[in-house]
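**Q** Fold the following for me, if possible:
(chains A, B, C and D)
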There are 2 protein chains.
Amino acid sequence: MQVRSKIWVEVGGEPVFGRGRRFLLEAIDKHGSITRAAREINISYRRAWSYINAMEERLGIGLVERHTGGKNGGGAVLTDEARRFLEKYALLEEGVRELVDEKFKNIFTGERDV
Amino acid sequence: MQVRSKIWVEVGGEPVFGRGRRFLLEAIDKHGSITRAAREINISYRRAWSYINAMEERLGIGLVERHTGGKNGGGAVLTDEARRFLEKYALLEEGVRELVDEKFKNIFTGERDV
DNA sequence: CACCCGTTATGACTTTTTTGCATAACGCCG
DNA sequence: CGGCGTTATGCAAAAAAGTCATAACGGGTG
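**A** Numbering: from 1, shown residues only, chains lettered A, B, ... in the order given. Okay, the predicted model is just below:
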């Protein structure tokens, strides 16, 4: 038995940013490509593309600058706004998971089962 | 733009307890009936029933004692184990959401947009 | 004792969401 | 001017969630 926790941001009731999307953006930053980013975090390109589109549409800002064709076939880079958003989200997550894990241990430990 | 957070317990990678299930059990306790509980929290009886079954199977303990037929057509009551679990889960959630909301306000407030 | 009632319990079907596959378009480069 | 590795989408397949219908149950009631 283990505890899990999750923090995400919504706009108009629709999710726009969470841990998965954070990893996606970070991987794009690392690889300069949506395709390779998706491969790294084990989701389909389709899904990654949908995530990015939805995020941008709902936030109303550009997060990923894309280039089709050209050197290396193209690629994608994060905008400054995406980087700022990543920073803020990191701050938001900071410490929360650790707190929850700690609480879980204190409350649920010391039993045979359950 | 608003923040949301969620804490849940898993067994073997499968969720067994979260806020929705907590509300369900509390509603069953209140009404003495799965049907009425489901109606109150706005999910189908089918779904409520599936939740209960999955929880019990994965936790390996009985949570809801069910009676078919009889007075009032039957009904359902929580077991002591279910009550204990509810208490622990409440402790686990306590304060976390408030913390996240507070952090969110501090980090994301004071902007035109985004 | 036969029927009524509201509940639990399920199977079957429908709708929605998610996932995956195939393919077009792009533009530098050798 | 064809090759390459991307981005970009439409469409089909699969999975999940939701809906509906109905059986079984057993105390209460007349």
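
**Q** quick one: contacts for residue A:2?
**A** Contact partners of residue A:2, counting by C-beta atoms under 8 Å, 6 or more residues apart in numbering or on different chains, are A:104, B:9, B:10, B:11. Backbone N, C-alpha and C define where each C-beta goes, glycine included.

**Q** what do you get for residue A:48?
**A** By C-beta under 8 Å, 6+ apart, the neighbours of residue A:48 are A:24, A:34, A:37, A:38.

**Q** quick revisit: selecting buried members of the contacts of residue A:2 in ChimeraX, what would you type?
**A** Only the buried entries of the contacts of residue A:2 go into this ChimeraX selection, using 16 or more other C-beta atoms under 10 Å in any protein chain shown:
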select /A:104 /B:9,11
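
**Q** possible to save the contacts of residue A:48 as CSV with neighbour count?
**A** Shown next, in CSV, are the contacts of residue A:48 (neighbours: other C-beta atoms under 10 Å in any protein chain shown):
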residue, neighbour count
A:24, 23
A:34, 21
A:37, 24
A:38, 21
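
**Q** Tell me which two of those sit farthest apart.
**A** With C-beta to C-beta as the measure, no two of the contacts of residue A:48 lie farther apart than A:24 and A:34, at 8.5 Å.

**Q** Return every residue with contacts to both of those two.
**A** With C-beta under 8 Å, 6+ apart, residue A:24 and residue A:34 have common neighbours A:48, A:52.

**Q** what's stretch A:88-104 in contact with?
**A** A:2-3, A:5, A:7, A:9, A:17, A:19, A:22, B:3, B:5, B:7, B:9, B:91-92, B:96, B:99-100, B:103-104, B:107-108.

**Q** try 10 Å this time
**A** A:1-9, A:17-19, A:21-22, A:25-26, B:3, B:5, B:7, B:9, B:88, B:91-96, B:99-100, B:103-104, B:106-108, B:111, B:114 (C-beta atoms under 10 Å, 6 or more residues apart in numbering or on different chains).

**Q** Among the contacts of residue A:2, name the ones in strands.
**A** B:9, B:10, B:11 (DSSP state E).

**Q** what about the first one, distance to chain A?
**A** Applying C-beta to the nearest C-beta, to the nearest Å, the value for residue B:9 to chain A is 6 Å.

**Q** Identify all residues paired with that residue through a beta bridge.
**A** Legend: beta-bridge partners of residue B:9 under DSSP bridges are residue A:3, residue B:17.

**Q** My guess is it contacts residue B:86. True?
**A** No - with contacts counted by C-beta atoms under 10 Å, residue B:9 stays clear of residue B:86, the gap being 11.9 Å.

**Q** Overlap of the contact sets of those two?
**A** With C-beta under 10 Å, 6+ apart as the test, residue B:9 and residue B:86 both reach B:17, B:21.

**Q** Please enumerate the strands of chain A.
**A** Using DSSP E, strands in chain A cover A:2-11, A:14-17, A:64-68, A:74-78.
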